[in-house]
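Visitor: missing the sequence, but the structure's below:
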């Protein structure tokens, strides 16, 4: 019987995943080469993120941009993110993440680069899964050394 993982805060789920997947991925990198191993990990993360986006749209009862406006609340639960909202309307959602406990957690675990694949790399795929018309633009992330993460989600025509 599958458990409802939504009862576990997202940050805690990501830490459990990192502590489990991290050593496995390191071993795969050693065995098959870093680039090849991370490319395979990315494929899995993209698929899982799209599935999560579709599941969230279903749970919210729709996949409009107004529904998508609720996504940051899920991502920041438990104080995991500090967000500055810049703009939102029926076609877009624009915000900056000024503090990211996900990035802090990956750094503390020694998985900074892996965190970019496991966490940062899932955002665009999550949006696609939520609504295939939503496109994400991001120019920097805290985990890659930026002062903030800039997110722009736009609904294309």
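Guide: Cool, got the structure. None of the values given here were measured: they were computed from a predicted structure.

Visitor: who's in contact with residue 144?
Guide: 116, 120 (CB atoms under 8 Å, 6 or more residues apart in numbering). No exception for glycine: its C-beta is placed from N, CA and C like everyone else's.

Visitor: which one is the residue lying farthest from the centre of the chain nearest to, not counting chain neighbours?
Guide: Farthest-out residue of the chain from its mean C-alpha position, per CA atoms, centre = their mean: residue 31, at 27.0 Å. Leaving out its chain neighbours, the residue that sits closest to residue 31 by CB to CB, 6 or more residues apart in numbering is residue 37, at 7.6 Å.

Visitor: secondary structure element for the one you found?
Guide: helix 34-60 (DSSP states H and E).

Visitor: And the next helix or strand past that helix?
Guide: helix 65-68.

Visitor: Mind listing what's buried along that next one?
Guide: 65, 67, 68 (16 or more other CB atoms under 10 Å).

Visitor: quick one: the residue farthest from the centre of the chain is in a strand?
Guide: No. Counting by DSSP: H, G, I helix; E, B strand; the rest coil, residue 31 is not found in a strand; it is helix.

Visitor: Show me where this structure dips below the pLDDT cut-off.
Guide: Across the chain, the ranges flagged by pLDDT under 70 are 1-7, 157.

Visitor: 90 instead, please
Guide: Counting by pLDDT under 90, the chain contains low-confidence residues at 1-14, 71, 73-78, 113, 156-157.

Visitor: before we move on, back to that, could you measure from the residue farthest from the centre of the chain over to residue 38?
Guide: 13 Å (CB to CB, to the nearest Å).

Visitor: List the buried residues in the helix holding residue 37.
Guide: In helix 34-60, counting by 16+ other CB under 10 Å, buried: 37-38, 41-42, 45-46, 48-50, 52-54, 56-57, 60.

Visitor: next one: stretch 97-115
Guide: 97, 100, 101, 102, 103, 105, 106, 111, 114, 115.

Visitor: Stretch 13-24 too?
Guide: 14, 15, 18, 21, 22.

Visitor: The last one against residue 112, yeah?
Guide: No. Residue 22 lies out of contact with residue 112 (CB atoms under 8 Å); the separation is 11.0 Å.
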